[in-house]
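J.: coords please:
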Amino acid sequence: MSFTVGKIFWYLTSPGNLLLLGLAAGWLLLLLGARRLGHALLGLSILTLLAIAVLPVGAWLLEPLEERFPVVRTLEGPVDGIVVLGGSVDSTISAARGAAALTEYGDRMTAAAILARRHPDARILVTSGEAAIVPQGVSEGPYMRQLLVDLGVAEDRILVEGSSRNTAENALNTRRLVGAAPDERWVLVTSAFHMPRAVGCFRRLGWDITPYPVDYKTTGQGGGQGGGIGFNLRAGLERVHLAMKEWIALVAYRLLDHTDTLFPAPASPPA
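T.: Here you go, the predicted structure:
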C-alpha cells in the first residue's frame with residue numbers, strides 16, 4: 001500500500017465521512033423506494049452520531065493507546081539525543097504567515113524544548129516532511145527547527161529530517177541520518193496515542209528508543225476528556241476520528257511489516 005493509497009483509503013473510511021455517506025445512502029434508498037433498507041441505514045447512522053455525541057466513545061478508544069506507555073516525569077541519566085516527530089506545526093499556514101503555526105499536537109514541541117533545557121548536551125532531531133497527497137513544496141521540519149530556536153534551543157544542536165511523509169519514514173530516515181550507536185540513548189517525543197505505533201517502527205529497525213509520551217487527549221480515568229456523558233458531537237467525532245485512524249494504522253503497519261508486533265508495549269525489564 002503506497003502513501004497515496006493509504007491517504008485515500010483513510011479519507012473514504014474515516015468515521016465522519018462514513019456516517020455522512022450512510023446518511024446520504026439512506027436518503028437515496030428512500031427516494032428509490034427501498035424504504036426498509038433506507039430507514040435502517042438512516043437510523044443506524046443517526047444512532048451512531050448520537051452515541052458519539054453523548055457517550056465518551058472516542059475516549060474509550062483513545063485511552064488504551066494513551067495508557068500503553070507510562071507517563072514519564074523525569075529522565076534519569078544522560079541523554080544523547082531527542083527525536084521529535086512532526087504533526088505539531090501546520091507547514092502550509094506557517095509558510096503563508098511567515099511563522100510557525102501550531103496544531104492541536106503542539107505539546108510535542110513544548111516538550112522537546114523542555115527536554116532540551118534539561119539535557120543541554122543532547123542533540124535534537126526534528127523529523128517531518130509534507131504529508132499531503134498533492135505536495136505544495138512546503139516541509140514541516142524547518143518550521144519545527146525555527147520554533148525550537150525561538151524557544152531558546154541553540155540552532156547548532158538541531159538536526160532536521162525534512163522528507164518523511166509518515167511514521168514509518170520518520171523512523172527509517174532518522175536512523176539513516178544519525179546512525180545511532182548501540183551505546184547511545186535517544187528519546188522519542190510524540191503524542192501518547194501515537195507512541196505505540198511510533199515505537200514499533202523504531203524497534204523494527206533495531207533501535208531501542210526511549211518513549212516520552214506527551215499531548216494527552218484523555219484523563220486516563222475511564223471517563224474521557226472532561227468527564228463522562230455529555231452532548232458534543234464535534235468533540236466526540238474528533239476523538240473517534242483520531243482513535244480509529246490510529247487503530248487502523250496499527251493494523252496496516254503490522255501487515256506492511258513496519259512493526260514487529262500488532263500493539264507495541266513497553267520493553268520487559270531485565271530478569
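J.: in which helix or strand would I find Leu125?
T.: Element membership of Leu125 [criterion: DSSP states H and E] is strand 123-127.
J.: list the strands paired with that strand, with their directions.
T.: Paired with strand 123-127 in the same sheet, following DSSP bridges, are strand 81-85 (parallel), strand 158-161 (parallel).
J.: columns distance to Gly106, mean pLDDT and mean neighbour count on top of those, output as CSV?
T.: (C-beta placed from N, C-alpha, C; glycine too.) Below are the strands paired with strand 123-127 laid out as CSV (distance: least, C-beta to C-beta, whole Å; pLDDT from 0 to 100; neighbours: other C-beta atoms under 10 Å):
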stretch, distance to Gly106, mean pLDDT, mean neighbour count
strand 81-85, 12, 97, 27
strand 158-161, 17, 96, 20
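J.: before we move on, the earlier item: can you list contacts of the strand holding Leu125?
T.: For strand 123-127, contacts defined as C-beta atoms under 8 Å, 6 or more residues apart in numbering pick out 80-86, 112, 116, 141, 144-145, 148, 153, 157-162, 164, 170, 173-174, 177-178.
J.: could I get the average pLDDT for it?
T.: Average pLDDT, strand 123-127: 97.
J.: now for the helix or strand just after that strand, which elements pack on it?
T.: For strand 123-127, the succeeding helix or strand toward the C-terminus, using DSSP H and E, is helix 141-150. Applying 3 or more C-beta pairs under 8 Å, 6 or more residues apart in numbering; DSSP states H and E, we find helix 141-150 packed against helix 91-97, helix 107-118, strand 123-127, strand 158-161.
J.: kindly present those as CSV, with separate columns for distance to Gly137.
T.: Below are the helices and strands packed on helix 141-150 laid out as CSV (distance: least, C-beta to C-beta, whole Å):
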stretch, distance to Gly137
helix 91-97, 9
helix 107-118, 22
strand 123-127, 18
strand 158-161, 16
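J.: winner for burial among the ones you listed?
T.: strand 123-127 (a mean of 25; mean count of other C-beta atoms under 10 Å).
J.: angle of that strand against helix 141-150?
T.: Counting by axes from the mean of the first three to the mean of the last three C-alpha atoms, to 10 degrees, strand 123-127 lies at 140 degrees to helix 141-150.
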